[in-house]
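> Predicted model and sequence follow; I will ask about them next.
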Amino acid sequence: MDISLLLTSTLTLAGGIPLTLLLTFASLLAGLVLAVPLAFMRASSCKWLSLPVLAYTYVLRGTPLLVQLFIIYYGLGQISAIRSSVLWVLLRDPFWCCLLAFSLNGAAYTTEIFRGGIQAVSNGMIEAAQAVGMSPLQIKRRIIFPIAFRSVLPSYANEVISLVKATSLASTVTLLEITGLSRKLVSETFAPYEIFIAAGVLYLGLTFLLTGFFHLLETRLNGAPRAEARPHRVDLQQVAHE
Amino acid sequence: MDGFAVQFVSGLKTTVLLALVSGVLGMALGLLAAAGRLSRWRAVSLLVGFYTTIIRGVPELIIILLIYFGGTVAISAFFGRYVEVNAFLAGVVSLTVVFGAYAAEIFRGAVLSIPAGQIEAARSLGLHPWQTWLLVILPQMLRIALPALANQSISLVKETSLISIVGLTDIMRVAAIGAGSLRAPLTFYLAASALYLALTSLALLIFNRLERHFAVPGR
Amino acid sequence: MPGAPKVQQIPMHGIRAERIEKRLGGNDVLRGMDIDVRPGEILSILGSSGSGKSTLLRCLNLLTIPDRGDIWIHGEKLAIRAASQHGGPAAILDQRQVRKARASVGMVFQSFNLWPHKTALENVTEGPVLIKGLRRNAAADLGHHYLAKVGLSGKADSYPHHLSGGQQQRVAIARALAMEPRVLLFDEPTSALDPELVGEVLRVMAALAGEGRTMVIVTHEMAFAREVSTRAAFMHRGLIEEESPPRQFFFSPVSSRLRGFLASHR
């Protein structure tokens, strides 16, 4: 093991952090925007609303993200209608393809997480809101979603962390984020240990920072630390993407 | 696409075999690691803690690349000439290491959720510590861990697709080859996703059966 | 006059419900009962569990939609579609009207139902801000006023899980009061409380009764009902069995069932 190579490659690979973070947060935001309405549809007792969403989440959670990414990046070009449309400007660009794949995939997981939280909100909270005269939309916005979000925060934190890790797949469609840079560097120097370990250290740093952030958020959102300590704290749990 | 049916079948076999072997080995590693994490020896517990934290904080792809290319470098150095590591073997090792880390945390959580009273009850019946583990803790732990293990196994099936990146001819690789040679990427990748969806659905079905089989009435 | 109610005069204030029927889980919980809540009246509803008293209360602000029957709130008849013979559920026809009606009828629940992600003050101000469009500081002043009224000035910034059951229920009362409703509904407000916490809630309720507010109280607290109510009703199997001023209700009941009920709750 060449320690100086480890250090210099860590510095080189750090150049990929902005792209990794951009991919993570952009798909996180897009996934969230998609997931909130989908989760309410999925939690609805109306089958016409919940079943299509279930089909979406089932398929996206049941197939590898790599396949989804390749369908978007390589596959969509097979359809000539898409090639001749305005969208092609975006869909031929690996960055936008990654963003689309990660957002759609993340939205599927996030939808199911939020659905669990929404369905766990006790009926009494909703009735109390109805009793003061709130509209269904006000109840969703002010009561159900905030309560649901707090209760699923640990799972959502895990989802965010698996999204960070999932962005490494961007390297398979030529993007030079942390993993892409490290693969390029390895093919030039053929020193896989130092370089991939350096990449691992960077990812570990990112996931630790995010874990810490969610710990803080959880404490803040719950007003002071909870009287009854919750058994499931934010943790680097499962819910892997790949 | 007809000519590719045979190749898809062989790719499917490779994917299934890879998932099964890594799943079984990973489960064993997870059990061992969970025992280590819960052991009284602080050093062992700490070491296992490092292992699970690091593996779960790093992308699977990085672990796969490290093991594949790192393994190649190590073996080449050993033989004094360039030897490429078998992609299937690298896949088994990396997926086992990953699955083991998640399984360890699942098992640990399951053990910790068993009420201490049961262990005391077993002791008071005069059961030997290893009898307590084998007869009281293990069966319950497996039942509690089952839903999370199901999730993890489905993730494992999907993660096998990453091994195609280092050249394993699994479903994903067959699709990529077909997509390139017939210039029909959409068709081939959709076919691949259908196969993966079938596999993950099957895994889900099996785990649902198991859960129902081991369910305790009234809980 | 088409569609005119049978009763001559619908009061401009208070609540009237006629021929209310409700079937829940295969049981006829309410069997065509009438009830009239006049302004300034404090009506206690008693009865053994399963008699339908909570369902009746929930029908009055349509948290439960009656299968059949008419409800007037402050003189306005609520637009409800009755349940069909083939099992189609009853439905609210005019959501806006019902929301307006609910805003004028406060409700206090057995299990408090405070919103856990909001402080005591935020629980109280949420309705006035969202429904009445009050500005934040005006709402905060209002909130502090009503928290003081229930004796919880010091707890404005506490979250519900840091409050005792009695304190939570008092915040819930303040939350209902902050909407400045014309009628207050109480659904067994002390049933979920530890015995030593019941008193503080009853004292707040008695003070409200002393202000001449219109209140409907479903309760098991006999002494409280006897002291505070202007009228008491005894429900049995989805109907009102007996209804009278408290003196007569508690000391010379007519119905033998009510006599038995009173004897067993002494």
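Right, received. Where do you want to start? Residues are numbered from 1 along each chain as shown, chains lettered A, B, ... in the order given.

> Return the residues in contact with residue B:65.
A:179, A:182, A:183, A:186, A:192, A:196, B:165, B:166 (C-beta atoms under 8 Å, 6 or more residues apart in numbering or on different chains). (Glycine included, C-beta is placed from N, CA and C.)

> can you do 6 Å?
residue A:196 (C-beta atoms under 6 Å, 6 or more residues apart in numbering or on different chains).

> Let me know the pLDDT of it.
On pLDDT, residue B:65 comes in at 96.

> okay, which residue is most central for chain B?
Centroid-nearest residue in chain B, with C-alpha atoms, centre = their mean: residue B:99, separated by 3.5 Å.

> per-residue confidence averaged over whichever strand or helix holds residue C:69?
Here residue C:69 is covered by strand C:68-73, with elements defined by DSSP states H and E. Strand C:68-73 shows a mean pLDDT of 92.

> what's the next secondary structure element after it?
Next along from strand C:68-73, by DSSP H and E: strand C:76-77.

> Note down every partner strand of that next one and its orientation.
When sheet partners are counted by DSSP bridges, strand C:76-77 sits next to strand C:68-73 (antiparallel).

> Spell out which residues of chain A are next to chain C.
A:124-125, A:127-128, A:131-133, A:138, A:143, A:146-147, A:150, A:223, A:227 (C-beta under 6 Å from any C-beta of the partner chain).

> Helices of chain A, start to end?
A:3-14, A:17-43, A:47-62, A:65-70, A:80-83, A:88-91, A:94-120, A:123-131, A:136-138, A:145-166, A:178-189, A:192-221 (DSSP state H).

> now the stretch 1-150 of chain C
C:53-60, C:95-103, C:120-132, C:136-149 (DSSP state H, counting those that start in this stretch).

> Might you report the residue contacts of residue 64?
With no chain named, the answer covers chain A. B:158, B:161, B:196 are the contacts of residue A:64 under C-beta under 6 Å, 6+ apart.

> Please refer instead to chain B.
B:94, B:162.

> helix, strand or coil for it?
Following DSSP: H, G, I helix; E, B strand; the rest coil, residue B:64 is assigned to helix.

> Next one: it relative to residue B:159, how far apart?
To residue B:159, residue B:64 is 9 Å away according to C-beta to C-beta, to the nearest Å.

> Can you give me the neighbour number for residue 79?
I'll assume chain A. Neighbours of residue A:79 under the rule other C-beta atoms under 10 Å in any protein chain shown: 12.

> that's the other chain; I wanted chain C
Count around residue C:79 with other C-beta under 10 Å applied: 14.

> wait, is residue B:54 part of a strand?
No: under three-state DSSP, residue B:54 falls outside any strand and is assigned helix.

> Can you add mean neighbour count, distance to residue C:197 and mean pLDDT and give the helices of the stretch 1-150 of chain C back as CSV?
Listed next are the helices of the stretch 1-150 of chain C as CSV, based on neighbours: other C-beta atoms under 10 Å in any protein chain shown; distance: least, C-beta to C-beta, whole Å; pLDDT from 0 to 100:
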stretch, mean neighbour count, distance to residue C:197, mean pLDDT
helix C:53-60, 24, 21, 93
helix C:95-103, 18, 28, 93
helix C:120-132, 23, 16, 95
helix C:136-149, 17, 17, 95
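
> looking at those helices, which is closest to chain B?
helix C:53-60 (28.6 Å; C-beta to the nearest C-beta).

> what about that closest one and chain A, any contact?
No: residues of helix C:53-60 contacting chain A under C-beta under 6 Å from any C-beta: none, with a closest distance of 8.4 Å.

> Where does the prediction get shaky in chain A?
Chain A contains residues with pLDDT under 70 at A:223-242.

> if you set the cut-off to 80 instead, what comes out?
For chain A, applying pLDDT under 80 flags the ranges A:1, A:222-242.

> Neighbours of whichever residue of chain C sits closest to chain B, how many?
As assessed by C-beta to the nearest C-beta, chain B sits closest to residue C:25 within chain C, at 21.8 Å. By other C-beta under 10 Å, the residues close to residue C:25 number 5.

> Quick check: phi and psi on it?
Per-residue torsions, residue C:25: phi 50, psi 40 (degrees, to the nearest 10).

> do the same with residue C:187
The phi/psi pair for residue C:187 (degrees, to the nearest 10) is phi -100, psi 100.

> does it really touch residue C:110, like I thought?
Yes: look at residue C:187 against residue C:110 with C-beta atoms under 6 Å: they come within range, at 5.3 Å.

> Those two - which one has more neighbours?
residue C:187 (25 against 17).

> ok, that one - contacts?
Neighbours of residue C:187 in contact, by C-beta under 6 Å, 6+ apart: C:54, C:57, C:109, C:110, C:218.
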